[in-house]
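# Sequence and predicted structure are below.
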Amino acid sequence: MVFTSRKKHSRWINKIIYVLEIILSLLIIAGVLVSIPDILKYYMSILESSKGESYILLREFLSHVLLLVIGLELVMMMIAHSDTSVVYLMVMVIARKMLLMGNTSLDLLIGTVAILCLFVVKKFLIPKKSTDIDPSIGIFSAATSVKDINRRLNYDIDDCGFQTIGGLVYYLTNEQGERLEEGTSVVLKNYIFEIEEMNEGIINSVYIEKIE
């Protein structure tokens, strides 16, 4: 089936991308480790410098440390693929920018407002708990709400009165006379749902694909 072929190809592409991200993440971590000795050099320079020079060196030291933290946060974002990791990465970038270029009150105010906006986004716009399994290739936990899937993927799946995708697929399976087992596919308008995994007769995860 074309549906199964596309699913298999998307999984392979996702695995290749994941491996490449792991390699890049390891390279970034290696770069951070190599840069750590420079922190000790900053300590020595600050101790040996005069009062005016130590202020400048301390500022450069903090900038260097924040840059290493940004590298680590970038690794977290690449591996976790979470909204929270993106927010923290942007906060670190803004904080470093404020440290280097925040010479006026206006610069500090803009940076502070930007950080505040990021925390507002994290608090009110990012879901506190995610039940996804691997949404990058269309696989969702059966406990994921249909509304959440529609919002995140810009879909318009009819929930048919069911809150979760697992409940909807269970209903469609019985309605269309299909067997409730792994690999069973059902169709609702221009969407295909396949039972990805089951445990003791209960749907654990569902694969979703939109038919163009």
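That came through fine.
# Please enumerate the helices of the protein.
With DSSP state H, the ranges of helices along the chain come out as 2-48, 51-80, 83-101, 105-124, 146-153, 165-175.
# which one of the ones you listed has the most crowded surroundings?
Comparing those by mean neighbour count (mean count of other CB atoms under 10 Å), helix 165-175 comes out on top with a mean of 19. All C-beta spots, glycine's among them, are computed from the backbone N, C-alpha and C.
# That one packs against which elements?
Contact analysis of helix 165-175 by 3 or more CB pairs under 8 Å, 6 or more residues apart in numbering; DSSP states H and E lists helix 146-153, strand 185-188, strand 191-199, strand 202-210 as its packing neighbours.
# could you redo these as a markdown table and give each row distance to Tyr170 and mean pLDDT?
Formatted as a markdown table, the helices and strands packed on helix 165-175 follow (distance: least, CB to CB, whole Å; pLDDT from 0 to 100):
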| stretch | distance to Tyr170 | mean pLDDT |
| --- | --- | --- |
| helix 146-153 | 13 | 89 |
| strand 185-188 | 10 | 93 |
| strand 191-199 | 9 | 91 |
| strand 202-210 | 6 | 91 |
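# Take the ones you listed and write them to a markdown table, including distance to Glu53.
Conversion of these to a markdown table gives the following (distance: least, CB to CB, whole Å):
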| stretch | distance to Glu53 |
| --- | --- |
| helix 146-153 | 51 |
| strand 185-188 | 69 |
| strand 191-199 | 62 |
| strand 202-210 | 59 |
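# ok, back up a step: mind checking which of the helices of the chain is nearest Lys210?
Checking these against Lys210 by CB to CB gives helix 146-153 as the closest, at 8.0 Å.
# Render the CA-only coordinates of the closest one in CSV, please.
Extracted in CSV, the C-alpha atoms of helix 146-153 (Å, rounded to 0.1, in the frame of the first residue of the first chain):
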residue,chain,number,x,y,z
VAL,A,146,-7.9,15.3,19.0
LYS,A,147,-8.0,19.1,19.6
ASP,A,148,-4.3,19.1,20.4
ILE,A,149,-3.4,17.2,17.2
ASN,A,150,-5.5,19.6,15.1
ARG,A,151,-3.9,22.6,16.7
ARG,A,152,-0.3,21.4,16.4
LEU,A,153,-0.6,19.9,12.9
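# and Gln163, what are its phi and psi?
Dihedral angles of Gln163 (phi, psi; degrees, to the nearest 10) stand at phi -80, psi -40.
# That one: neighbouring residues, count only.
Burial of Gln163, expressed as a neighbour count using other CB atoms under 10 Å, amounts to 14.
# what's the weakest-modelled helix or strand in this protein?
Each helix and strand of the chain was given a mean pLDDT (mean pLDDT, DSSP states H and E); the minimum falls on strand 132-134 at a mean of 63.
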